[in-house]
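Colleague: Pasting the sequence and the predicted model now:
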Amino acid sequence: MRWTLNIRFFGTVLAIVVLASGCAAAPASTSTTSTITTIPQTTTTTETPATTTPEDPAQAALRRQIDELIETTEQLRELSFLQPPTVTIVTDEELAARVREQIEEELDPDDLARDTAVQVLLGLIGPDLDLLDLYLDLYSEQVAAYYDGELQELVVPAGTELSALQEMTLVHELTHALTDQHFAFHGRIEALDAEDRFDELSALQAVIEGDASFTQLLYVTELSTAKQIEIVTESLDQDTTVFDQTPRFIQELLFFPYLEGQEFVQTLWSSDTGFELVNEAYRQPPTSTEQIYHPEAYRDGETAQQVMLPVFPLPGFEAAEEAAWGEVSFRVMFEQVLGASIADPAASGWGGDRYRVMWDGEDAVYVLVYVGDTTKDAVEMYDGLVAYADSAMNVGEPQATEQSTSFVGDAYAYAALEGDRVLFIASSDPDLGLEVVSVFSDF
């Protein structure tokens, strides 16, 4: 259940957040390397540099503008490209087609069906939402340019020149291309995703997107006031209809690597050391979203407690996914229903967790074991899960004992507290839920 599908550009929100984040002293300039920008003469990508064929004046001017942004990004980020970045300019139609193709390749329909069932069960989305259509529409609306880590290519929409907002976006994406050359993060993203280490993946993405967002901030703060106003004005003109209608849970998880990631990176950067500690965060990345929310946990090397789930076969079901839910998912889940006053203390005591999704193609069973840093943290998580199930899930009235609460309605939910551990079970079939609870009778 990979929550952190990355939108490369947020239009209104990202631009305004960048300008409202406060100014930071820009790092000293460094020497730049010469670059070759690949600009196809048609809408298809070519490996032949544009210098081998005549360019029309508009395309040549655009290439010079991109070259200047490459040099600016190197100076701001205090790194030089190891080899010239590939920048491919395409039409708006081809940009949308490429984004759609990437999403369709990445999102398996069977996985989406399972994820939809689990998110509906947990009250995170409505029962009529089509996740594939949502992601296709959302990315088509929001992507202004993007870095393709597999091809190590920047894809930029064509035009006679880049607008101020497009320039800002390109600095963000050039930072990805630059840091990927130095730290090879794309391969690690794919490995973590393949191993279902989603919370760790979210933490790494927060470093990557936070770094690019902070570099983008340095770029914007050096612009004239007129240019900054131009960025905000253009941002406010962006169509965010699809994003505005997206469930809050998905919205907040998409924001996480950009906003929380930038705050994390800013705790590592200083005018004295520049990006040294940020570079080290690529070499030794944070291992949980807890370390992003609490940078002191990253500095102190505080890692998650290991949690094991027992094997409990259900006839006709497969263990479709097992991973860590992570502080970010708890925090966002609780905030959208219970508010920050409950979400913050409940999520901040995260010490580790493990969830498993059982799936038969129609019904879903979700099992979670959570460990708090202290018994008080476990109590806060237990109370949060009970309140959340009561408010957001279609599970009927609560039936409580001293240290457990069950809900039986159209679906089923159960929470139990034992010391610093919390058990939470949800099932779209109440009978299945009761059967799984019996596996944990000695919890």
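Modeller: Cool, the structure landed.

Colleague: can you give me the helices in the stretch 101-250 of the chain?
Modeller: For the stretch 101-250 of the chain, the helices defined by DSSP state H, counting those that start in this stretch occupy 109-121, 131-142, 164-183, 185-194, 198-221, 225-236, 241-244, 248-268.

Colleague: is it possible to export those helices to TSV including distance to residue 432?
Modeller: No exception for glycine: its C-beta is placed from N, CA and C like everyone else's. Output for the helices of the stretch 101-250 of the chain, formatted as TSV (distance: least, Cβ to Cβ, whole Å):
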stretch	distance to residue 432
helix 109-121	11
helix 131-142	23
helix 164-183	43
helix 185-194	29
helix 198-221	24
helix 225-236	47
helix 241-244	35
helix 248-268	24
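
Colleague: Out of these, which is the most enclosed?
Modeller: Of these, the one with the most neighbours on average (mean count of other Cβ atoms under 10 Å) is helix 198-221, at a mean of 25.

Colleague: Alpha carbons only: can I get that one in CSV?
Modeller: Output of helix 198-221 as CSV, limited to C-alpha atoms (Å, rounded to 0.1, in the frame of the first residue of the first chain):
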residue,chain,number,x,y,z
PHE,A,198,6.9,1.7,2.6
ASP,A,199,7.5,3.8,5.7
GLU,A,200,11.3,3.7,5.1
LEU,A,201,10.6,4.6,1.5
SER,A,202,8.5,7.6,2.6
ALA,A,203,11.3,8.8,4.8
LEU,A,204,13.8,8.6,1.9
GLN,A,205,11.4,10.4,-0.4
ALA,A,206,11.1,13.1,2.2
VAL,A,207,14.8,13.7,2.0
ILE,A,208,14.7,13.7,-1.8
GLU,A,209,11.7,16.0,-2.1
GLY,A,210,12.6,18.1,0.9
ASP,A,211,16.1,18.7,-0.6
ALA,A,212,14.6,19.8,-3.9
SER,A,213,12.0,22.0,-2.2
PHE,A,214,14.6,23.7,-0.1
THR,A,215,16.9,24.3,-3.1
GLN,A,216,13.9,25.7,-4.8
LEU,A,217,13.3,28.0,-1.8
LEU,A,218,16.9,29.3,-2.1
TYR,A,219,16.3,30.0,-5.8
VAL,A,220,13.0,31.9,-5.1
THR,A,221,14.4,34.0,-2.3
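
Colleague: Quick one: distance of it to the chain centre.
Modeller: Its chain's C-alpha centre lies 10 Å from the corresponding centre of helix 198-221 when counted by Cα atoms, centre = their mean, to the nearest Å.

Colleague: ok, now stretch 76-93?
Modeller: 22 Å.

Colleague: now swap in stretch 320-336 and tell me
Modeller: For stretch 320-336, the distance to the chain centre is 12 Å (Cα atoms, centre = their mean).

Colleague: Can you give me the buried ones in it?
Modeller: Within stretch 320-336, the residues that qualify as buried are 320-321, 323-336, counting by 16 or more other Cβ atoms under 10 Å.

Colleague: again, but for stretch 90-103
Modeller: 90, 94-96, 98-99, 103.

Colleague: Kindly indicate which of the residues you listed lies nearest residue 254.
Modeller: Using Cβ to Cβ, the shortest approach to residue 254 within the buried residues of stretch 90-103 belongs to residue 103, at 13.5 Å.

Colleague: Just the local confidence number for the closest one, please.
Modeller: pLDDT, residue 103: 82.

Colleague: what about residue 301, how many neighbours?
Modeller: The tally of other residues near residue 301 (other Cβ atoms under 10 Å) stands at 9.

Colleague: Following element in sequence after the least confident helix or strand in the chain by mean pLDDT, please.
Modeller: Here the helix or strand of the chain ranked lowest by mean pLDDT, DSSP states H and E is helix 12-20, holding a mean of 44. Counting by DSSP states H and E, the element after helix 12-20 in chain order, helix or strand, is helix 57-77.
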